[in-house]
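Novice: Need a 3D model of the sequence below.
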Amino acid sequence: MKSIDICLSPDLMHLYEVQDKAVVVVDILRATSCMTTALAHGVAAIRPVAEVQACEALGKEGYLTAGERGGEKIDSFNFGNSPYEYQSADIVGKKIAVTTTNGTRAISLSEGARQLLIGSFLNLSTLASYLNEQEHNILIVCAGWKGFVNLEDTLFAGALAEQLTAKFTQACDSTLAAISLYHSAKHNLKRFLQNSSHVQRLQHLNGDRDVTFCLKLDEYEVIPVLKGKELVKLEL
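Specialist: The predicted model follows:
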């Protein structure tokens, strides 16, 4: 039977093989929520890169630039890391290069997977439906915060795993733990997360409405997938 596993932090990626798996990268607050939103609103492609300098170089090649460090927008870039920045008609058909503190690092560490997908609460059911029909094992990679485990990514991993348990076995206890945590939180995700480190961090950066948006369920029927070096809409 197919298996599902959860890597709770990119610093644990050395424990996992990705070559034979569909990998779902998740950074709820806020990178993968932004990527899902951007493609849902007509962005042609997203180029994730780990370093600021690489993103700047792509800007000189015609990409729009987006990114943050420590939650704050990089001054010289076109966009920061708020999903509201990716809902304008001005971005339709454009390509965006993006670098973030945690999310793009997790993507970089997941390269080489059989398939690399982007997950968020915004596309949860669409993603689960697609994965339930696939024939290979799944690894959910939580971006965390600078190597540490965080609550919001673990909650999403539990939410996704819960929708896959009928067709997948649980590879280790991280999956069981994430599902249990999600059961404790699912009736009010924002209240459950109110004291979490990154929610507190974003509140200091006036990011409360971003948190509310990123916790919306099934806002979009879009799955970002890595094709070559760019994220594009998966053809469903």
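Novice: Helices of this protein, start to end?
Specialist: Along the chain, counting by DSSP state H, helices occupy 31-40, 52-59, 103-110, 124-132, 151-162, 173-185, 189-193, 197-204, 208-214.
Novice: Now the fifth one: average pLDDT?
Specialist: The average of the pLDDT scores along helix 151-162 is 98.
Novice: what bits of this structure have low per-residue confidence?
Specialist: Nowhere does the chain drop to pLDDT under 70.
Novice: circling back to that earlier point, save the helices of the chain as JSON lines, and put in mean neighbour count and distance to residue 11 too.
Specialist: C-beta coordinates here come from the backbone N, C-alpha and C atoms, glycine included. Below are the helices of the chain laid out as JSON lines (neighbours: other C-beta atoms under 10 Å; distance: least, C-beta to C-beta, whole Å):
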{"stretch": "helix 31-40", "mean neighbour count": "29", "distance to residue 11": "17"}
{"stretch": "helix 52-59", "mean neighbour count": "17", "distance to residue 11": "21"}
{"stretch": "helix 103-110", "mean neighbour count": "24", "distance to residue 11": "9"}
{"stretch": "helix 124-132", "mean neighbour count": "18", "distance to residue 11": "24"}
{"stretch": "helix 151-162", "mean neighbour count": "26", "distance to residue 11": "13"}
{"stretch": "helix 173-185", "mean neighbour count": "17", "distance to residue 11": "14"}
{"stretch": "helix 189-193", "mean neighbour count": "17", "distance to residue 11": "22"}
{"stretch": "helix 197-204", "mean neighbour count": "16", "distance to residue 11": "16"}
{"stretch": "helix 208-214", "mean neighbour count": "19", "distance to residue 11": "23"}
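Novice: Now distance to residue 4 too, for those, in CSV please.
Specialist: As requested, the helices of the chain are arranged in CSV below (distance: least, C-beta to C-beta, whole Å):
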stretch, distance to residue 4
helix 31-40, 18
helix 52-59, 32
helix 103-110, 15
helix 124-132, 9
helix 151-162, 6
helix 173-185, 6
helix 189-193, 21
helix 197-204, 24
helix 208-214, 23
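Novice: Residue 2: which of those helices is closest?
Specialist: helix 124-132 (9.4 Å; C-beta to C-beta).
Novice: one step back: nearest to residue 87, of the helices of the chain?
Specialist: Per C-beta to C-beta, nearest to residue 87 of the helices of the chain: helix 31-40, 6.5 Å.
Novice: ok so, going back, mind checking the helices of the chain for the one nearest to residue 224?
Specialist: helix 31-40 (5.1 Å).
Novice: now for the closest one, which elements pack on it?
Specialist: strand 45-48, strand 95-99, helix 103-110, strand 115-119, strand 224-227, strand 230-233 (3 or more C-beta pairs under 8 Å, 6 or more residues apart in numbering; DSSP states H and E).
Novice: Great, nothing more from me.
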